[in-house]
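J.: no sequence on this one, just coordinates:
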């Protein structure tokens, strides 16, 4: 396959940046999208040019490091797929592919396709954890968890924190990420104890960085883990309850 | 107040005021349909609204209580929408390349525009049929002669088109709103989620068909 790649190049956070066009020839349809970028970067390096910077780590769709906007879709055209698991067979020979970084005020571009997602870390720090005393692990069977509850919590826990929900949202809202991270703890007995404090803190922190949900549903469509916007509704309900239940400790 | 300061709180308020406004729109549409029940029916319905709960309360008091509630709901709905729009503008950075939305509906993408246009239309509509202010109101507008005013207003071709277009936009607005409010209020569950879409479709269809039928009925000479 021969591909024309329009890639966003930006030397640093304060650089204006712009699209550069590259011809990538002899691309195998079995290559992943990132491998196609690797091939191009190899050539750029040999030519003495700066390779295109992009994030990646596990390359098996479970770490959440990769993620770029491909032809206007977060993680590209294939549903429920992270960029690393997207293969070139999803494109046609001779296609022009536009690739650009996630865009949101809270996701500053560091270089080329790499953005700073540390606003997500601020949300996790605010409540994405369980406060437990350290010591020997308790007997697991002492805390029964109904299978359905465990399954729902796991659906939320599938979030890899890639940021596609924010990137796909016309409002740059981080509702799906925050809801997934809050729900997977709050649904389970161990995390349930801090449910309302967690929700209030995480939502308040989220709103310092991100926009507000208008229920377009773009995040759910872009999510490589197909996390449902039902979790957003759950978070909204918990937030209202939190305002009644929490007594100033949030 | 602290709750309203948060964006999730504002969306909750938009959902609650949205329910109030949907209730009003439905009651208003049902009231409008009295025009089909024969001469004088619409006028006596309008008269009945002024005497609602009389003699428990003095005449027009109930009507003014409802109007006050509506005005508050409108102001909160608009204030929340405006401040959330500003928040989203600050949070968003535009893509430089193409943007390919996957599922966002025409209705959800145009909520701001349909909302603003319906709000402006609402003022026009009040000037036309409630306040009798020219040039919005038809010639010979008379207070209390609801049916005659309605027929005179809608027999103006351009005005009839305005009413039809505004009601289509209202239908588009409430099509997204009637689904979206469940999400904002935290009411989502696999057992009834599909009903939310059907509810929104049915609600907006009933409102649009009921309201749009009236200018068409006036135009065909069936009414007025």
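T.: Now that the structure is in, tell me what you want to look at. In this text the structure is predicted, and so the values were computed from the model without any measurement.
J.: how about the helices of chain B, start to end?
T.: Taking DSSP state H as the test, the helices found in chain B are B:2-5, B:7-32, B:41-50, B:61-91, B:106-109, B:111-125, B:146-154, B:157-184, B:193-219.
J.: CSV for those helices, including mean neighbour count, distance to chain A and mean pLDDT?
T.: No exception for glycine: its C-beta is placed from N, CA and C like everyone else's. Below are the helices of chain B laid out as CSV (neighbours: other C-beta atoms under 10 Å in any protein chain shown; distance: least, C-beta to the nearest C-beta, whole Å; pLDDT from 0 to 100):
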stretch, mean neighbour count, distance to chain A, mean pLDDT
helix B:2-5, 12, 5, 92
helix B:7-32, 19, 4, 98
helix B:41-50, 16, 34, 96
helix B:61-91, 15, 3, 98
helix B:106-109, 16, 5, 97
helix B:111-125, 16, 7, 98
helix B:146-154, 21, 34, 96
helix B:157-184, 20, 4, 98
helix B:193-219, 17, 7, 97
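J.: out of those helices, the one nearest residue A:136 is which?
T.: helix B:7-32 (39.0 Å; C-beta to C-beta).
J.: for that closest one, packing partners?
T.: helix A:195-209, helix A:230-245, helix B:2-5, helix B:41-50, helix B:61-91, helix B:157-184, helix B:193-219 (3 or more C-beta pairs under 8 Å, 6 or more residues apart in numbering or on different chains; DSSP states H and E).
J.: so can I have a markdown table of those helices showing distance to residue B:109?
T.: A markdown table is the format used below for these (distance: least, C-beta to C-beta, whole Å):
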| stretch | distance to residue B:109 |
| --- | --- |
| helix A:195-209 | 22 |
| helix A:230-245 | 18 |
| helix B:2-5 | 26 |
| helix B:41-50 | 37 |
| helix B:61-91 | 13 |
| helix B:157-184 | 9 |
| helix B:193-219 | 16 |
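J.: of the ones you listed, which is nearest residue A:96?
T.: Going by C-beta to C-beta, the one of the helices and strands packed on helix B:7-32 nearest residue A:96 is helix B:61-91, 30.1 Å.
J.: so how far is that closest one from its chain's centroid?
T.: Distance of helix B:61-91 from its chain centroid, counting by C-alpha atoms, centre = their mean, to the nearest Å, is 13 Å.
J.: for that helix, packing partners?
T.: helix B:7-32, helix B:111-125.
J.: one step back: which of the helices and strands packed on helix B:7-32 sits closest to residue A:175?
T.: That would be helix A:230-245 among the helices and strands packed on helix B:7-32, by C-beta to C-beta, at 4.7 Å.
J.: and the gap between residue A:190 and residue A:245?
T.: 19 Å (C-beta to C-beta, to the nearest Å).
J.: buried ones in stretch A:35-54?
T.: By neighbour count with 16 or more other C-beta atoms under 10 Å in any protein chain shown, stretch A:35-54 contains the buried residues A:35-41, A:52-54.
J.: likewise stretch A:144-152?
T.: Buried, per 16+ other C-beta under 10 Å, within stretch A:144-152: residue A:152.
J.: and the residue of chain A nearest chain B?
T.: Per C-beta to the nearest C-beta, residue A:237 is where chain A lies closest to chain B, at 2.5 Å.
J.: once you drop chain neighbours, what's closest to that residue?
T.: Closest residue in space to residue A:237, ignoring its immediate chain neighbours: residue B:186 at 2.5 Å, by C-beta to C-beta, 6 or more residues apart in numbering or on different chains.
J.: same question for residue A:150.
T.: residue A:188 (7.5 Å).
J.: mind listing what the one you found touches?
T.: Neighbouring residues of residue A:188 by C-beta atoms under 8 Å, 6 or more residues apart in numbering or on different chains: A:145, A:149-150, A:153.
J.: cool, residue A:239 as well?
T.: A:199-200, A:203, B:6, B:8-9, B:186.
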